[in-house]
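# sequence unavailable; structure follows:
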């Protein structure tokens, strides 16, 4: 089956349409990311087994850990080698189409230039952030399952953190969209101000642009503060619960705490992914 052609005269550019057009190439690299995520998920367990083996005078666990590490390196390196070439090809294909469509609409050069930069964010998301999203989601599911088997109280605390972050993202989503719309609207005028010449109009433009940027940063900072209050609470609760549970095996206690830290690392990236998706949604409307 061949990848479908995007009619640049009728269909708006969006992350979903770009993905559908190049779905077989992107699905292949996403599959490699998923395999890589599953391999990475096994690290804490293999480390725990290696610790138990060394305590018993058995070094076989170290060889299994080495094999896991080499497998992860080979898959990850191959996937990154492939990614760079695929997404460069995608950008080379869709950018001229977008420019041709905007020229057919008699759009200003400044707007076309700005939208070419915005369009690149779709490709960058697929190449750089989408693998992280897949790793985070697959990792979160796997980590939660493993934590639930080791300590159910810690599992409930992790689940509570997930619900808390989801609520914050839901409550701030509309404001995030409005701020991104304001920033992109100002950004589209940048080339025009540069072409006009003179310092005052350009200075005022940059001032307004940075004002939008500061408001976006402030929203991200407030979100960061609230989320990390909950994260610190989980940091304190997890080791307390681990040493007071039925898990008396040192290797498994260590694995549990590693999984909790891994869970926190993954879940705290989710708001960043949500913010980027909101930004891409606003760009899709702008390029429509």
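Structure's in. What do you need? As the structure is a prediction and not an experimental result, all values here were calculated from the model.
# what about the stretch 151-288 of the chain, any weak spots by pLDDT?
191, 194-198, 245-251, 286-288 (pLDDT under 70).
# ok, which stretches of it are helices?
Ranges of helices in the stretch 151-288 of the chain, per DSSP state H, counting those that start in this stretch, are 152-187, 190-196, 199-243, 250-267, 270-287.
# looking at it, residue 59 is touching residue 49, isn't it?
No: judged on CB atoms under 8 Å, residue 59 makes no contact with residue 49 at a distance of 11.5 Å. C-beta here means a position set from N, CA and C on the backbone, and glycine is covered the same way.
# these two: who's more crowded?
residue 49 (20 against 10; other CB atoms under 10 Å).
# OK, contacts around residue 44?
Neighbour list for residue 44: 254-255, 258-259, 262 [criterion: CB atoms under 8 Å, 6 or more residues apart in numbering].
# how is the most far-flung residue of the chain relative to its centre assigned, secondary-structure-wise?
Distance from the C-alpha centroid of the chain, by CA atoms, centre = their mean, peaks at residue 57 (41.5 Å). In three-state terms, and counting by DSSP: H, G, I helix; E, B strand; the rest coil, residue 57 is coil.
# need phi/psi at it.
With angles defined as degrees, to the nearest 10, residue 57 sits at phi 80, psi 20.
# now it: how far from residue 47?
18 Å (CB to CB, to the nearest Å).
# still on that earlier bit, Serialize the contacts of residue 44 to JSON lines and add fields for neighbour count and distance to residue 43.
Putting the contacts of residue 44 into JSON lines (neighbours: other CB atoms under 10 Å; distance: CB to CB, whole Å) gives the following:
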{"residue": "254", "neighbour count": "16", "distance to residue 43": "12"}
{"residue": "255", "neighbour count": "25", "distance to residue 43": "9"}
{"residue": "258", "neighbour count": "16", "distance to residue 43": "8"}
{"residue": "259", "neighbour count": "26", "distance to residue 43": "10"}
{"residue": "262", "neighbour count": "20", "distance to residue 43": "8"}
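# return the member of those nearest to residue 100.
Distance to residue 100, by CB to CB, is smallest for residue 262 among those, at 45.9 Å.
# count the neighbours of the closest residue to that closest one other than its chain neighbours for me.
Distance criterion CB to CB, 6 or more residues apart in numbering; nearest residue to residue 262, sequence neighbours excluded, is residue 143 at 5.8 Å. For residue 143, the neighbour count with other CB under 10 Å is 24.
# buried set for stretch 211-225?
212, 216, 223 (16 or more other CB atoms under 10 Å).
# can I get these in a markdown table including distance to residue 21?
Shown next, in a markdown table, are these (distance: CB to CB, whole Å):
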| residue | distance to residue 21 |
| --- | --- |
| 212 | 31 |
| 216 | 30 |
| 223 | 33 |
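# for residue 106, state which of those residues is nearest.
Once CB to CB is applied, the member of the buried residues of stretch 211-225 that ends up nearest residue 106 is residue 212, at 27.3 Å.
# residue contacts, the closest one?
Applying CB under 8 Å, 6+ apart to residue 212 gives the contacts 179, 182-183, 186.
# now do 6 Å
Going by CB atoms under 6 Å, 6 or more residues apart in numbering, residue 212 touches 182-183.
# buried stuff in the helix or strand where residue 16 lies?
Secondary structure assigned from DSSP states H and E places residue 16 in helix 15-21. The neighbour-count criterion (16+ other CB under 10 Å) identifies 15, 17-19, 21 as the buried residues of helix 15-21.
# out of those residues, which is nearest to residue 167?
residue 15 (24.5 Å).
# quick one: contacts for that closest one?
Taking CB under 6 Å, 6+ apart as the test, what residue 15 contacts is 122, 280.
# start the count at 264 instead of 1 going forward.
Done: numbering now begins at 264, and the last item shifts to residue 278.
# per-residue confidence at it?
Residue 278 is assigned a predicted lDDT (pLDDT) of 71.
# how about the helices of the stretch 414-551 of the chain in JSON lines, adding distance to residue 326?
Formatted as JSON lines, the helices of the stretch 414-551 of the chain follow (distance: least, CB to CB, whole Å):
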{"stretch": "helix 415-450", "distance to residue 326": "30"}
{"stretch": "helix 453-459", "distance to residue 326": "57"}
{"stretch": "helix 462-506", "distance to residue 326": "28"}
{"stretch": "helix 513-530", "distance to residue 326": "16"}
{"stretch": "helix 533-550", "distance to residue 326": "35"}
